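In: Need a 3D model of the following:
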Amino acid sequence: METELKLKIDAIDRSRIYEHPLLVDNARAVPSEHQLVDTYYDTKKLDLWRHGVTLRVREDGLSEEGSIRTQTVKTASVSSASLHQRGEWESALSSAVPQPSEIARQIKVERIRSVSMTLKHLVESARV
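Out: Numbering: from 1, shown residues only. This is a model prediction of the structure:
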């Protein structure tokens, strides 16, 4: 289960956030910027969306190791104004082609049953 807190700040205040003692004292690395390319997948009939599921492949092209691709499956969230909770599973990819079976190994059996036909249909559609 992922819990995400989204904050919106003015660009002028960004340096103040980066320099805040709480963040500076607990930082594990220096902040860095990455160029990310996200591609979302679904069937033509939006079967994943209707089942509350998203499938994304993210490419991080600015890492020192070269291009890194990660696929992510997220379930619909329960949220308030700025706090979101949802199921999220990730796996590394060697290419930009989604591999739902890699994610399916991580998801509880009952959740797989509810979306397995949709994922199967997506994979079959991608092969066409």
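In: tell me the pLDDT at Tyr41?
Out: According to the model's per-residue confidence, Tyr41 sits at a pLDDT of 93.
In: who does it bridge with?
Out: Beta bridges link Tyr41 to Leu55, judged by DSSP bridges.
In: tally of neighbours for it?
Out: 18 (other Cβ atoms under 10 Å). Using the backbone N, CA and C atoms, a C-beta is placed for each residue, glycine as well.
In: Test my guess that it contacts Val57.
Out: Yes - counting by Cβ atoms under 8 Å, Tyr41 touches Val57, with 7.2 Å between them.
In: Next, show the common contact partners of those two.
Out: Residues touching both Tyr41 and Val57 comprise Pro98, with contact defined as Cβ atoms under 8 Å, 6 or more residues apart in numbering.
In: So, low pLDDT: which residues of the protein?
Out: 1-5, 31, 62-65, 78-84, 107-128 (pLDDT under 70).
In: Just the strands from the protein, written as ranges.
Out: Taking DSSP state E as the criterion, the chain carries its strands at 2-5, 36-41, 53-60, 68-75, 78-79, 83-86, 88-93.
In: List the neighbouring strands of the last one plus their orientation.
Out: It refers to strand 88-93. In the sheet containing strand 88-93, the strands it pairs with under DSSP bridges are strand 68-75 (antiparallel).
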